[in-house]
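# just coords:
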């Protein structure tokens, strides 16, 4: 699955739960390093950087996420990866991992919240 497909799936799940989602498109007039999505919902609000496979987080993205966290703003990297057991989504740097097939609209916000709680 490509990152754009993964992003569409995540955005759809979040919107199905009533979240407002701002998709940040990189372009020349925008400051680099901001995560892909801003999510506003009463159960979880914050920034999400999406990655697929072993595609790395850039240095600017790492700095921006660290700066957001210093300000007590939720900011996570959600990575989609495939192994011998299936396709999984994981909040990087935490124990929060779930099979992609089980990540649905009804539990996406809880998945994000658990990932943030692991890093606090």
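Ah, there it is. Not measured: the values here are computed from a predicted model.
# Please compute how far the longest helix along the chain lies from its chain's middle.
Ordering each helix of the chain by length in residues (DSSP state H) puts helix 3-16 first. Remark: helix 3-16 is offset 10 Å from the chain centroid, using C-alpha atoms, centre = their mean, to the nearest Å.
# by contact count, what packs against it?
strand 20-23, strand 37-40, strand 46-52, helix 108-119 (3 or more C-beta pairs under 8 Å, 6 or more residues apart in numbering; DSSP states H and E). From N, CA and C alone the C-beta is placed, and that goes for glycine too.
# How far off centre is the third one?
Centre-to-centre, strand 46-52 and its host chain are 3 Å apart (C-alpha atoms, centre = their mean).
# Need the contact partners of it.
1-3, 6-7, 10, 34-39, 57, 61, 65, 68, 73-81, 92, 112, 116 (C-beta atoms under 8 Å, 6 or more residues apart in numbering).
# and the nearest residue to residue 24 once chain neighbours are set aside, what does it touch?
Distance criterion C-beta to C-beta, 6 or more residues apart in numbering; nearest residue to residue 24, sequence neighbours excluded, is residue 34 at 5.1 Å. Applying C-beta under 8 Å, 6+ apart to residue 34 gives the contacts 24, 47, 64.
# redo that, cut-off 10 Å
Residues near residue 34 by C-beta atoms under 10 Å, 6 or more residues apart in numbering: 24, 26, 47, 49, 60-61, 64-65, 68, 75.
# Let me know which of the helices and strands packed on helix 3-16 is the nearest to residue 87.
Nearest to residue 87 among these is strand 46-52 (10.0 Å), distances taken as C-beta to C-beta.
# Quick check: next helix or strand after that closest one?
For strand 46-52, the following helix or strand on the C-terminal side (DSSP states H and E) is helix 59-70.
# what packs against that next one?
Packed against helix 59-70, as judged by 3 or more C-beta pairs under 10 Å, 6 or more residues apart in numbering; DSSP states H and E, are the following elements: strand 46-52, strand 74-83.
# Name the strands paired with the shortest one and say parallel or antiparallel.
I take that to be strand 46-52. If you go by DSSP bridges, strand 46-52 pairs up with strand 37-40 (antiparallel), strand 74-83 (parallel).
# Sweet, I'm off.
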